[in-house]
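Asker: 3D model of this:
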Amino acid sequence: MGFEWEVAQRFLREGGMQTLLIVAGTTIGIAVIVFITGFLGDMQRDLIKRTLGVQAHIVIRPAEEVARPLRGAPAAATALPQVQARVQRLRSIDQWQALLPVLEAMPGVVAISPIAAGPGIITRGDVNKTVTIMGIVPAPYVAVTRFNEKIVAGDLRLDPGDVLIGTDLAKDLGVGLGDKVRLSTPTSPGDAYQVRGIYDLGIRNLNRAYGYVGLAPAQAMHALPGGASSLELAVDDLFGAERFAARLRGTMPHEAESWMQANPQLLAGLSNQTVMTLLVRFFLALVVAIGVSSVLVVAVVQKTKEIGILRAMGASRGRIMRVFLLQGALIGASGAVLGSACGYALTFVMSDILRSSDGTRLFEARLEPELYLYTLLAAVALGLLAAMMPARRAARLDPAQAIRV
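Answerer: Predicted coordinates for the structure are as follows:
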């Protein structure tokens, strides 16, 4: 390959401005591809993190109760024109303690958190607010939802008699850390609780929706002694959560709902964004390939005599073909290296410019070696494909006719 390498480099150097322009065009195209890939990837991750808030990847609940005809009833009695759905009551997952080790042993499960949640009322003086009272065990709940990142005052500690409330609910009640509130439910007259911490989920309705207490107090308030109204799971494959939930539904008599089912509009938006990103990347790569191919076609015409001389001196068709393939690969590799650097620099600059409503960065620029490695390999392959037609044309030149041109 020494001969082909030397000739390919010499042809590119002699191209001068033509070579610089095609490398610049390749660099810009690849920089945009790298920027779009990194930017939208980071944006998607941040959007999911902000939108889902403290939502688990998969939630397991007891199956809904349905109205069924009485066993042994006459056939005429079962032919009802309408069957009214049963009112759903707060129930515990049957034998959820025995289910935990089974779920933990499943590949892909990162963490599991038992929850005892139900409707309640939080009271401060003459002010009453309806909330969902969530009973949690802090350590596993944090492992599932990263709820500790949302605490803005106090700490995530739930001793008996402690409660965590949202920032907007705290303003509505006029309370702060250490103040007392009263929690009650339809099945419990309630008791006084001390505000141990205040959280901010970034959405006002959510900040008014939940009050977090320990699992045992919530079980007592919701009349679920030793029970759990749901099990929340975190899995290692975020976008494979629905497949995992479907597998769970097929192996247990409980409902398993993924975040994709709970947020169909968010999923549709992410899917459409991914499709548009792929289309933009495809057409940018096509433009780069056409540019490389057109420049090399012109190079074949310009170097016709040189090619004829090389063929007359004994260079085989395969060697001539490899010369132009190497030129395509070199252009692709140069554009990939420079484009990756420019793409990361642009991503870093935009991450510092774009800000969310609270002033924090909308996304963090990440240096992903795998992305740049794949970009380099893809650019070299793209350069080889783009050079294929000019290389075959150069290899088919007849040396006698080429020299006379």
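Asker: tell me the pLDDT at residue 331?
Answerer: We have a pLDDT of 86 for residue 331.
Asker: quick one: it is in a helix?
Answerer: Yes - residue assignment for residue 331, taken from DSSP: H, G, I helix; E, B strand; the rest coil, places it within a helix.
Asker: list the contacts for it?
Answerer: Residue 331 sits next to 12, 19, 22, 23, 26, 292, 295, 383 when contact means C-beta atoms under 8 Å, 6 or more residues apart in numbering. Using the backbone N, CA and C atoms, a C-beta is placed for each residue, glycine as well.
Asker: helices or strands next to the helix or strand hosting residue 30 in the packing?
Answerer: Assigned by DSSP states H and E, residue 30 belongs to helix 17-52. For helix 17-52, the elements it packs on are helix 264-302, helix 317-353, helix 369-395, judged by 3 or more C-beta pairs under 8 Å, 6 or more residues apart in numbering; DSSP states H and E.
Asker: show the subsequent helix or strand relative to that helix.
Answerer: Counting by DSSP H and E, what follows helix 17-52 is strand 58-62.
Asker: residues touching that next one, excluding its own?
Answerer: Here strand 58-62 makes contact (C-beta under 8 Å, 6+ apart) with 91-94, 99, 103, 229-233, 235, 241, 244-245, 248, 252, 254-259, 262.
Asker: of the residues you listed, grab the buried ones for ChimeraX.
Answerer: Selecting just the buried residues from those in ChimeraX takes one command, with 16 or more other C-beta atoms under 10 Å as the test:
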select :92,93,99,103,229,230,231,232,233,235,241,244,245,248,252,254,255,256,257,258,259
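Asker: coming back round to it: distance between the helix holding residue 30 and the chain's centre?
Answerer: What separates the centre of helix 17-52 from the centre of its chain is 17 Å, taken as C-alpha atoms, centre = their mean, to the nearest Å.
Asker: rounded mean pLDDT for it, please.
Answerer: So the average pLDDT for helix 17-52 ends up being 79.
Asker: how about it: buried residues?
Answerer: So, applying 16+ other C-beta under 10 Å, buried residues of helix 17-52: 19, 22-23, 25-44, 46-48, 51-52.
Asker: domain parsing of this structure, as residue ranges.
Answerer: Listed domain ranges for the chain are 2-51+267-404, 91-262 (source: automatic domain parsing).
Asker: tabulate those (TSV), appending distance to residue 57.
Answerer: Output for the domains of the chain, formatted as TSV (distance: least, C-beta to C-beta, whole Å):
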stretch	distance to residue 57
domain 2-51+267-404	10
domain 91-262	5
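Asker: by mean pLDDT, show me the worst of these.
Answerer: Across the domains of the chain, domain 2-51+267-404 has the smallest mean pLDDT, namely a mean of 78.
Asker: direction included, what does the longest strand along the chain pair up with?
Answerer: Scanning the chain for the strand with the most residues, using DSSP state E, yields strand 109-124. When sheet partners are counted by DSSP bridges, strand 109-124 sits next to strand 127-136 (antiparallel), strand 180-185 (antiparallel), strand 230-235 (antiparallel).
Asker: next, the angle helix 317-353 makes with the helix holding residue 30.
Answerer: Per axes from the mean of the first three to the mean of the last three C-alpha atoms, to 10 degrees, the angle that helix 17-52 makes with helix 317-353 is 40 degrees.
Asker: alpha carbons only: can I get stretch 269-280 in PDB?
Answerer: Provided in PDB are the C-alpha atoms of stretch 269-280 (Å, rounded to 0.1, in the frame of the first residue of the first chain):
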ATOM      1  CA  GLY A 269     -42.700  13.600  20.800                       C
ATOM      2  CA  LEU A 270     -39.500  11.800  21.600                       C
ATOM      3  CA  SER A 271     -40.100   9.300  18.800                       C
ATOM      4  CA  ASN A 272     -40.900  12.000  16.200                       C
ATOM      5  CA  GLN A 273     -37.800  13.900  17.300                       C
ATOM      6  CA  THR A 274     -35.700  10.800  16.800                       C
ATOM      7  CA  VAL A 275     -37.100  10.200  13.300                       C
ATOM      8  CA  MET A 276     -36.500  13.800  12.300                       C
ATOM      9  CA  THR A 277     -32.900  13.600  13.600                       C
ATOM     10  CA  LEU A 278     -32.200  10.500  11.600                       C
ATOM     11  CA  LEU A 279     -33.600  12.100   8.400                       C
ATOM     12  CA  VAL A 280     -31.400  15.200   8.900                       C
END
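Asker: which residues touch residue 15?
Answerer: Contacts of residue 15 by C-beta under 8 Å, 6+ apart are 295, 299.
Asker: any idea how far residue 329 is from it?
Answerer: 15 Å (C-beta to C-beta, to the nearest Å).
Asker: so what's residue 333 up against?
Answerer: Counted by C-beta under 8 Å, 6+ apart, residue 333 has contacts 376, 379, 380, 383.
Asker: same thing but at 10 Å, please
Answerer: Applying C-beta atoms under 10 Å, 6 or more residues apart in numbering to residue 333 gives the contacts 23, 26, 376, 377, 379, 380, 383.
Asker: chain neighbours aside, what residue packs nearest to residue 249?
Answerer: residue 256 (4.9 Å; C-beta to C-beta, 6 or more residues apart in numbering).
Asker: do I have it right that that neighbour meets residue 246?
Answerer: Yes - contact status for residue 256 versus residue 246: in contact at 7.7 Å, counting by C-beta atoms under 10 Å.
Asker: pick the most buried one from the helices and strands packed on helix 17-52.
Answerer: Of all the helices and strands packed on helix 17-52, helix 317-353 has the most neighbours on average by mean count of other C-beta atoms under 10 Å, namely a mean of 20.
Asker: just want the angle from that helix to helix 369-395.
Answerer: Using the same axes, to 10 degrees: helix 317-353 against helix 369-395 is 150 degrees.
Asker: quick one, helix 317-353 and helix 264-302 angle?
Answerer: Using the same axes, to 10 degrees: helix 317-353 against helix 264-302 is 140 degrees.
Asker: how far does helix 317-353 sit from its chain's centre?
Answerer: Relative to its chain's centre, helix 317-353 lies at 27 Å (C-alpha atoms, centre = their mean).
Asker: go on, stretch 181-190?
Answerer: With C-alpha atoms, centre = their mean, you get 39 Å for stretch 181-190.
Asker: nearest to residue 64, of the domains of the chain?
Answerer: Among these, the nearest to residue 64 by C-beta to C-beta is domain 91-262 (7.1 Å).
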